[in-house]
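K.L.:
give me a model of this one.
(2 chains, ligands or ions: 1)
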Amino acid sequence: MNPSPHSFGKSLFELMSSMRFAISLLSLLAVASIIGTVLKQAEPYSNYIIQLGPFWFQVFEKLGLYDVYHAAWFLLILTFLVASVSVCIIRNAPGFARDMRSFREHVSEQSLNAFKHQHSANTTQPPEALAATTQRYLEGQGYKVKNLPREDGVLLAAKAGSWNRLGYFLAHSAIVMICIGGLMDGNLVFKAQQLLGYKKIEKRDIPQSQVPAISRLSASNPSFRGSVQIPEGSSASVAFLNVADGYLVQELPFTVALKQFRIEHYTTGQPKNFESDIEIFDHAGKKIREATIAVNHPLIHDGIAIYQASFADGGTRLAIRGWNLFAPTAAPFDVTGTVHERSTLTSEAGNYTLEFIDFRPFNIENMGGETTATRDTMSVFGGSPVSDKKHLRNVGPSFQYKMRDARGQAREFSNYMLPLELEGRWYMMSGVRESPNESFRYIRMPLDADGRIDSFMRLRGALMNPALRPEIAARFARQALPQDAWNTEIEDKLKFSAAQVLALFGEGGFQTLGQSIEDKVPEAERDKAAGTYLRILELAAFEALHIANRQADLPAPKADDVTGWLVRDSLNSISDIFVYGAPVYLQLMQYDEVKATGLQLTRSPGQNIVYFGSLLLTLGVFFMLYVRERRVWLLVKHGRALLAMSSAKHTIDFEKEFTQHAQALDTLAR
Amino acid sequence: MELALNQPAPLLKRLSWFDWLFAAVITAGGLFALSRFGEFMDVYEKAILLAAIPSLAVFGWFWKPFRALFIVVGAISLFAISQYQGTLARMEEAFFLKYLISSQAAIMWMCALFGLATLTYWAGLLARSGFTMKTGSVLTWSAIAMGFTGLMVRWYESYLIGTDVGHIPVSNLYEVFVLFCLITAMMYLYYEAQYRTRQMGAFVLLVISAAVGFILWYTFDRGAHEIQPLVPALKSWWMKLHVPANFIGYGSFSLSAMLGVAYLLVQRGILASRLPKPEVIDDMMYKAIAIGFAFFTIATILGAMWAAEAWGGYWSWDPKETWALIVWLNYAAWLHIRLVKGLRGPMLAWWAVVGLFVTTFAFLGVNMFLSGLHSYGTL
Ligand code: HEM
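P.N.:
Now for the predicted structure:
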């Protein structure tokens, strides 16, 4: 037999307002929320594919797990919660309201006697008198008392803590309000438009102005949360909303221009403050206002809140000196570039695309120096809370770029503009890595006495120039041998060895040299051979520098410690060039910094509703938890008084209070 | 005759001279701070300071032992500050600072005293010795005094490092763990007096000891006790409200979980003759969850309002926010089951115990395993 519609509606109502249903919803909501914290939300879809594999990627996408909190099923749970709480309020409201006002004065003596908490006392006083003193007592305890004379005596009906019920209304309507306010600020409007085919997310990486109308939201969109990057000196009149694996363009009712972006630093180098000086123009180009926004200090204009959210490089212009690393000479060339833009590089090794990624005016680096634990008494307490950050140092500007070869393979480089001191000597540093999840490996190029890398480059050019090798070898042999051995067979042998070492090194660095030793020398003698080769190489390299200086019309290198280190460091560095992965080194000479601010723009009409709801929620929760609803009845007849007490919630406090009232009655009735 | 009926006298008439002295000390201290440092505060910070004066006074009137605690902590902290003579180096020279009341020393003393208090409570519980358990309470009080002194001095030290570095010590996991220990212990001591039972100290101090263990590991292994300047996102007066409110919530939920453990043991007859009756434990557990829920509600709302100012939206479903919601829903469900369905007994005790895991994940797990806006990695 089918249930009649009436009873179906009724049982639905029953179900929705039942506690079991409510608890299930709360649990379900909690579990659903957990999913969204375990799986990182709103990542680029390619990350999910890597993480999950193609099959599960699709399953998860269908379930909306990349944006759980806006998935249809999640909103459905929320809707059910709102409905359940509403039905619950509707159901309880009339009864609770009546109950708040009522004194429940129609109790019979019989029912009072059946109360779990009741107490009777004998008395000699006339009922009116005892009722009056007890009434005063109860009023003193915060009760509202109704005095009801009856044929056989007096009935006092008293209540306290009715606001507990009010708390129920406040807290539960607050839940409804907060959810509604939250939904208003969600993207329901867009979702509906998308479902009906009016709007579509844009997935292509194209200039903003070319995004078609179907992916643009008008300035009258009631709620949105978007972001935009503005370089210094530029402006924006749209924001971008990230949706799923694409984006939407949100038109703004005004134009925001960035005058300046600033970062303040603590003395330790950590950032202290991010600030943007912005100007707002209307679409006719008239300036409306000027403001400085900072983290925690947004600007609210025209119902839209503008936040300082992030920062980036806004297209810094870079003047760069390029050094060919494999050329037999040391002549640099000039390149200019702009961050976020590309240029091409033609070299002997083929054509390369340079993609300038970023520029950083500061780099705070940990310059080593293990903090040794101080062995004093303070260490018993964990040491001083004043951190010893002396090893942190600003090592100056750096820029990042990718160098992509004709086949599309790219490596990423990060070069410092200023030299770095390591173990008492100075180097130019260039980092390289194959993929963003690796850390940079650094090549360090030694500076000469003038503080430049020119000597290193000259030496490199000479060593990589096969035409110079006979001359270098000859000079080396003459220097190494006493005069009476010149023009002998020994000299020829030495020249030959030197030429061979130079050739091996010039073609692949220590790597090839080592390989050759491994191939030709028996294992037992390898260490010795390596030592000899190294010695030859160092001395020959010194001669190479001699020749290179002469060719460049420079004075001969001094045979001192400094030059010794320069040669040794250069050899290491030249050897690294073979694994550097690029045919050129780019040295930053000058820059003209342009910063960009990352702003977030939001319009959230539901916010005030949410806040008001929150206020009610707080009040309601306090009323419900801290206002205890209690009722007391006292029936006084000639010779006997009967006290009864009830409360919806039994706690130890209630028991105590009952005992207190009972004792009070005994005292009063005496 | 009415005198015998213990009618509540109006609040103001119930106050003793000590209550008034306490209020006067607080008012004087607050106004002094305002006049001395007012020019460095924004209007919200001034409002918070001014509102703190009556709040603390009334809190002391409501919970009497707080008055003595406040005055003792205040006196020791002022003494410590005077010992610094304005230079941090004194920390390693002045005897008192070096061994007792520089922030780090005081916090380590707090740790030691909490450890001792735990042992003492257990000894008292097992030996049924009221005196020993009383010693446990005294040790707990001393630990609280040292802990608060440590935080106060740390606040001052942060300004000695640099006026722009100085900030209230509730800004990182190390500092809030200290706060957690203090709040949990204070809430417990309040209930201990209310219910006239000391046996539960053995249980509640266990969770505090666990937190102390974490503090020690965090200090010695990670050096987390170093005072760091605030990241820009945290530079807001909201922090002063949001974080402490949250920790009243976390503290009381942990308290209730330990009461839940005690309840379950008594149910099974373990230590039953030594512990209070299950009804009493159950009532304490409810009270703890109620106050925790109320403050957690406020903390979450304050957090949302702060987020609206710092991150551009009052709710971003950031993992920390979401877990706060989960914790909140969990205890909302707990309260409904108990108060609306009228359920009592082991099921609710189990639930409170499980609640500790949920809470711990929200408090610690999120920081360790999940990243989001709360890790302040975006700027
Ligand atoms: C997120 C959702 C909710 C929250 C935060 C919430 C909060 C609360 C709180 C804190 C109490 C106080 C317990 C007490 O009386 O001491 C309460 C009571 C109550 N709640 Fe909810 N509630 C929610 C949803 C619901 C739903 C969906 C229903 C209906 C099925 C409901 C029905 C009730 C009822 C009937 C009471 C008892 C009121 C009384 O007797 O005073 N609640 N709620």
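K.L.:
list the buried ones in stretch A:123-143?
P.N.:
By neighbour count on 16 or more other CB atoms under 10 Å in any protein chain shown, the buried set for stretch A:123-143 is A:123, A:125, A:127, A:130-135, A:137-138, A:141, A:143. Quick note: C-beta positions are derived from backbone N, CA and C, even for glycine.
K.L.:
what about chain B: which of these touch it?
P.N.:
Counting by CB under 8 Å from any CB of the partner chain, A:Tyr137, A:Gln141 from the buried residues of stretch A:123-143 sit close to chain B.
K.L.:
between the buried residues of stretch A:123-143, which is nearest chain B?
P.N.:
Nearest to chain B out of these is A:Tyr137 (CB to the nearest CB; 5.8 Å).
K.L.:
ok, that closest one to A:His661 distance?
P.N.:
8 Å (CB to CB, to the nearest Å).
K.L.:
what's the answer for A:Gly269, then?
P.N.:
Taken as CB to CB, the span from A:Gly269 to A:His661 is 68 Å.
K.L.:
more neighbours: the two, which one.
P.N.:
Taking other CB atoms under 10 Å in any protein chain shown, A:Gly269 and A:His661 do not tie; A:His661 has more neighbours (25 against 16).
K.L.:
that one: which element?
P.N.:
helix A:652-669 (DSSP states H and E).
K.L.:
can you check B:Gly166 too?
P.N.:
With DSSP H and E as the criterion, B:Gly166 is inside neither a helix nor a strand.
K.L.:
give me the nearest residue to residue 125, chain neighbours excluded.
P.N.:
You didn't say which chain, so I picked chain A. Excluding the flanking residues, the one nearest A:Gln125 by CB to CB, 6 or more residues apart in numbering or on different chains is A:Ala669, at 6.8 Å.
K.L.:
not quite, I wanted chain B
P.N.:
Using CB to CB, 6+ apart, the closest residue to B:Leu125 is B:Ala202 (4.5 Å).
K.L.:
okay, and that neighbour sits in which element?
P.N.:
Counting by DSSP H and E, B:Ala202 is found in helix B:201-220.
K.L.:
if you average pLDDT over that helix, what comes out?
P.N.:
Mean pLDDT, helix B:201-220: 95.
K.L.:
go ahead and name everything in contact with it.
P.N.:
The contact list for helix B:201-220, computed with CB atoms under 8 Å, 6 or more residues apart in numbering or on different chains, reads A:382, B:104, B:107-108, B:110-111, B:114-115, B:117-118, B:121-122, B:124-125, B:133, B:136-137, B:140, B:173-174, B:177-178, B:180-181, B:184-185, B:188, B:192, B:224-225, B:254-255, B:257-259, B:261-262, B:356.
K.L.:
got the buried residues for the helix or strand just after it?
P.N.:
Note on helix B:201-220: by DSSP H and E, the next helix or strand toward the C-terminus is helix B:238-267. Within helix B:238-267, the residues that qualify as buried are B:238-266, counting by 16+ other CB under 10 Å.
K.L.:
what of stretch A:195-202?
P.N.:
A:Lys199, A:Ile201, A:Glu202.
K.L.:
stretch B:343-350 now?
P.N.:
Neighbour counts over stretch B:343-350 (16+ other CB under 10 Å) mark B:Arg344, B:Leu348, B:Ala349 as buried.
K.L.:
would you say the last one is within a helix?
P.N.:
Read that as B:Ala349. Yes. According to DSSP: H, G, I helix; E, B strand; the rest coil, B:Ala349 belongs to a helix.
K.L.:
got the contact list for it?
P.N.:
B:Leu259, B:Gly260, B:Val261, B:Tyr263, B:Leu264, B:Gln267, B:Asp282, B:Met285.
K.L.:
near the ligand, which residues of the stretch 201-350 of chain B are found?
P.N.:
B:Ala332, B:Leu335, B:His336, B:Leu339, B:Val340 (CB under 6 Å from any ligand atom).
K.L.:
again, only this time at 5 Å
P.N.:
Within reach of the ligand by CB under 5 Å from any ligand atom, the stretch 201-350 of chain B has these residues: B:Ala332, B:Leu335, B:Leu339, B:Val340.
K.L.:
report the contact partners of residue 86.
P.N.:
As the question left the chain open, I've gone with chain A. A:Ser86 touches A:Val176, counting by CB under 8 Å, 6+ apart.
K.L.:
let me rephrase: I mean chain B.
P.N.:
Contacts of B:Gly86 (CB under 8 Å, 6+ apart): B:Leu160.
K.L.:
follow-up on the earlier one: if we take the buried residues of stretch A:195-202, which one ends up nearest to A:Tyr580?
P.N.:
A:Glu202 (39.3 Å; CB to CB).
K.L.:
how about the nearest residue to the closest one, chain neighbours excluded?
P.N.:
Nearest to A:Glu202 is A:Ser215, by CB to CB, 6+ apart, at 3.9 Å.
K.L.:
let me know the pLDDT of the one you found.
P.N.:
93.
K.L.:
wait, it sits on A:Tyr198?
P.N.:
No. With contact defined as CB atoms under 8 Å, A:Ser215 does not count as touching A:Tyr198 (10.8 Å).
K.L.:
scan chain A for its longest helix.
P.N.:
helix A:489-520 (DSSP state H).
K.L.:
next secondary structure element downstream of that helix?
P.N.:
Following helix A:489-520 toward the C-terminus (DSSP H and E): helix A:526-551.
K.L.:
what's around residue 186, how many residues?
P.N.:
Picked chain A for this. Neighbours around A:Gly186, by other CB under 10 Å: 19.
K.L.:
looking at chain B here, not the other one
P.N.:
20.
K.L.:
what kind of secondary structure is whatever residue of the stretch 251-400 of chain A ends up closest to the ligand in?
P.N.:
Going by CB to the nearest ligand atom, the ligand is nearest to A:Ala305 of the stretch 251-400 of chain A, at 27.0 Å. Following three-state DSSP, the label given to A:Ala305 is strand.
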